[in-house]
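*Asks:* Generate a structure from the sequence data that follows.
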Amino acid sequence: MRYRNRIKVAPGLNINLSKSGISTTIGPRGANVNIGKSGAYLNTGIPGTGLYNRTKISSSERNSIKNNTVSNNKTQVGVSLDLNERYEPDIEIYDNNGKNITSQTLINKLKRTTEYKENLKKIYERYYNLIIEETLEFTDLYKHILKPITKQEVQEKINKLKPKKYSKKKFEVLKPTKSSIERELLKEAKIKFNSILFWKNKKNRSQYVQENIEQKLNSSIENWEKQKADFEKSEKTKEKDINKNYLKTFEQEKENLIDNLNATESFVLKNFETILNEIDLKPEFFIDFEYDQKNKTFLIDLDLPEIEHLPKETASILKSGKLSVKNKSDKQLREEYSKCVTGLGFLVAGISFMTSAGIENIEISAYTQRVDKKDGQTKDDYIYSIQFDREKFSDLNYSKIDPVVAFENFNHRMELSKSFIFKTIEVKK
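*Replies:* Alright, predicted model coming up:
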C-alpha cells in the first residue's frame with residue numbers, strides 16, 4: 001500500500017517591515033500623542049507588556065507644529081513607532097485627518113523621552129526574537145520529537161483496562177409513616193377548622209386526623225411503592241443500556257491497543273495519517289511511504305524542503321542596545337540546511353515510531369530537487385538514506401543531539417563535505 005501526504009506549511013511569524021498605517025490609537029507597536037491646551041503628551045504602550053505611560057513633551061499652550069495647519073490645540077495626533085526596511089527607528093506623526101506632521105522639533109522631543117527609549121528597546125528585542133525564532137523553526141525540528149511508547153507500556157494499559165460500570169442510583173424518597181401522615185393531616189385540619197370558636201377547633205382537628213389517617217397512610221404507601229418500583233425499573237434499564245455502551249467502548253479500546261501492540265496494517269496506516277494531519281510545521285515537505293507489516297518496517301521517501309526556503313537573515317543585539325541584522329553567509333545557510341533536513345529525518349522517524357509500539361524499523365531515503373547541468377532539467381537527487389531501529393532511537397536525548405552528528409548512531413549513507421555541501425547518493429528502489 002502506498003500513500004502520499006502533503007504537510008501544509010505553517011504561516012509562522014512573518015516580520016512586517018513596511019511602515020505602519022495611520023492610527024490615532026495605540027497600535028501593535030505604536031504610541032500616540034495628545035496635544036491640548038496644557039501642552040503635548042506622549043502616550044506609549046506595548047501590547048501584552050502592561051506598559052502604558054503619559055509623559056509631557058512640551059509646555060507651551062500656544063505650541064505650533066511647522067508645515068501643518070493644526071490650530072485647534074485639542075487635536076489628537078497619532079504616532080507610529082516601528083523599524084524601517086533597514087531595521088532603523090522610523091517615527092511618523094499624523095494629525096487626525098491623516099496628514100503627516102514633519103516637525104523635527106517634536107520628533108526630537110519624542111526621542112528624548114524615557115518611554116520612547118524603552119519602547120524602542122522592546123521593539124529591537126521583538127524583531128530579534130522573531131528573526132532568530134524563524135530560523136529555529138527550520139533548524140530545531142528534531143526537538144519536537146516525543147519519546148515513542150514501548151510495547152511494555154501498551155501491554156500494561158491492556159492489563160489495566162476494564163469496562164466501566166454504571167452505578168444505579170438509590171430511590172431517596174422516604175417511605176410514609178403514621179407520624180408523617182398525622183403531621184400532614186394536622187396541617188390540613190388547621191386550615192379546615194379555623195373557627196372563631198377556638199375551643200372547638202382542637203376537638204374537630206383531632207377527629208379529622210383519626211377519621212382519615214388509615215386511608216391516607218395506605219394510599220400514601222401504595223403511591224410510594226409505585227414510585228419506587230418505577231424508579232428502580234428505570235435505573236435497571238439505564239444500567240443495562242449504559243453498561244452495553246461501556247462494554248462496546250472497552251472492547252474498541254482493547255482492540256486498538258492490541259492492534260497498536262501488533263502494528264497491524266490497518267491500525268498503522270490510519271493512525272499515521274491522523275498524526276500527519278495534525279502536524280503544523282514551518283518547512284513544507286512531502287512523504288511517500290510503504291508499510292511492511294511482516295517486518296514491522298516503514299519505507300519512506302522524504303521530499304525535503306529546499307535551501308531557498310530557509311530565512312536569509314540573522315540578528316544580534318549590540319552593546320549599544322541597537323539591533324544588528326545581517327545576511328547569513330553561504331556556509332552558514334548550508335550548515336543550517338544540513339540541520340534542517342537531517343532533523344526532519346529524525347522527526348519523521350519519531351512520528352512513525354509514535355504510530356505504533358510494534359514498529360521496529362524506519363528506513364528513510366531523502367531527496368531534493370536540483371537542476372541537472374547537462375540538460376538543464378530539474379530532477380530528484382537523493383542526499384541521504386538512513387535506517388532507524390526503535391531501541392537506539394528511543395535511547396536518544398532528542399533535545400541535546402546535533403542531528404547531523406546523530407546520524408552516526410544508525411546505519412546510513414550521506415556524503416556531506418566540511419563546508420556542508422551534500423553530494424548525490426544512489427538509492428536502491
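
*Asks:* To which secondary structure element type does Ser167 belong?
*Replies:* Look at Ser167: counting by DSSP: H, G, I helix; E, B strand; the rest coil, its state is coil.

*Asks:* Ramachandran coordinates for it?
*Replies:* Per-residue torsions, Ser167: phi -100, psi 110 (degrees, to the nearest 10).

*Asks:* any idea how far the most centrally placed residue in the chain lies from Leu304?
*Replies:* Averaging the C-alpha coordinates of the chain gives a centre point, and the residue nearest to it by CA atoms, centre = their mean is Asp280 (9.7 Å). Note on Asp280: its distance to Leu304, by CB to CB, to the nearest Å, is 18 Å. (Each C-beta comes from the backbone N, C-alpha and C, glycine too.)

*Asks:* Can you tell me how far the residue nearest to the centre of the chain is from Glu137?
*Replies:* Distance of Asp280 to Glu137, given as CB to CB: 11 Å.

*Asks:* Next one: Leu318 from Glu133, what distance?
*Replies:* Counting by CB to CB, the gap between Leu318 and Glu133 amounts to 19 Å.

*Asks:* And these two? Which one has more around it.
*Replies:* Looking at Leu318 and Glu133 with other CB atoms under 10 Å, you find the greater number of neighbours at Glu133, namely 14 against 9.

*Asks:* Kindly indicate whether the more buried one is helix, strand or coil.
*Replies:* Using three-state DSSP as the criterion, the local structure at Glu133 reads helix.

*Asks:* The lengthiest helix in the chain - contacts with which helices or strands?
*Replies:* In the chain, ranked by residue count with DSSP state H as the criterion, the top helix is helix 198-262. Helix 198-262 makes packing contacts with helix 151-160, helix 178-192, helix 265-278 when contacts are defined by 3 or more CB pairs under 8 Å, 6 or more residues apart in numbering; DSSP states H and E.

*Asks:* Do you know the pLDDT at Asn218?
*Replies:* On the pLDDT scale, Asn218 is placed at 95.

*Asks:* What is the neighbour count of it?
*Replies:* Around Asn218 sit 12 other residues, with neighbours defined as other CB under 10 Å.

*Asks:* Could I get the contacting residues of it?
*Replies:* Asn218 makes no contacts at all, as judged by CB atoms under 8 Å, 6 or more residues apart in numbering.

*Asks:* cool, and Ile359?
*Replies:* Listed by CB under 8 Å, 6+ apart, the contact partners of Ile359 are 263, 268, 296-298, 352-353, 390.

*Asks:* quick one: it is in a helix?
*Replies:* No. If the criterion is three-state DSSP, then Ile359 is coil and not within a helix.

*Asks:* what's it sitting at in phi/psi?
*Replies:* Backbone torsions of Ile359, given as degrees, to the nearest 10, read phi -70, psi 130.

*Asks:* measure the residue nearest to the centre of the chain to Leu141 for me?
*Replies:* 12 Å.

*Asks:* just Leu197 next, same as before
*Replies:* 97 Å.

*Asks:* who has more neighbours, those two?
*Replies:* Per other CB under 10 Å, whichever of Leu197 and Leu141 has more neighbours is Leu141, with 25 against 8.

*Asks:* How confident was the prediction at the more buried one?
*Replies:* For Leu141, the pLDDT comes out at 93.

*Asks:* same question, Asn100
*Replies:* Looking at Asn100, its pLDDT is 79.

*Asks:* which residue sits closest to it, ignoring its sequence neighbours?
*Replies:* Excluding its sequence neighbours, the residue lying closest to Asn100 (CB to CB, 6 or more residues apart in numbering) is Tyr94, at 5.9 Å.

*Asks:* what's the spacing between the one you found and Glu290?
*Replies:* The span separating Tyr94 from Glu290 equals 61 Å under the rule CB to CB.

*Asks:* more neighbours, those two?
*Replies:* With other CB under 10 Å as the criterion, Tyr94 and Glu290 differ in neighbour count, and Tyr94 comes out ahead with 21 against 13.

*Asks:* buried set for the helix or strand hosting the more buried one?
*Replies:* Assignment of secondary structure by DSSP states H and E places Tyr94 within strand 89-95. Applying a neighbour-count criterion of 16 or more other CB atoms under 10 Å, one finds 89, 91-95 buried in strand 89-95.

*Asks:* now stretch 420-429
*Replies:* When burial is assessed from 16+ other CB under 10 Å, stretch 420-429 yields the following buried residues: 420, 422, 425.

*Asks:* Same question for stretch 365-375.
*Replies:* If you call a residue buried by 16+ other CB under 10 Å, then stretch 365-375 has these buried ones: 365-368.

*Asks:* same deal with stretch 140-156?
*Replies:* For stretch 140-156, a neighbour-count test (16+ other CB under 10 Å) marks 140-142, 145, 148-149, 154 as buried.

*Asks:* Export those to TSV and append columns for distance to Glu360 and secondary structure.
*Replies:* Formatted as TSV, the entries for the buried residues of stretch 140-156 read as follows, by distance: CB to CB, whole Å; DSSP: H, G, I helix; E, B strand; the rest coil:
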residue	distance to Glu360	secondary structure
Asp140	27	coil
Leu141	23	helix
Tyr142	21	helix
Ile145	18	coil
Pro148	11	coil
Ile149	14	coil
Val154	14	helix
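
*Asks:* Looking at these, which one is closest to Tyr116?
*Replies:* Within those, proximity to Tyr116 (CB to CB) peaks at Asp140, which comes in at 34.7 Å.
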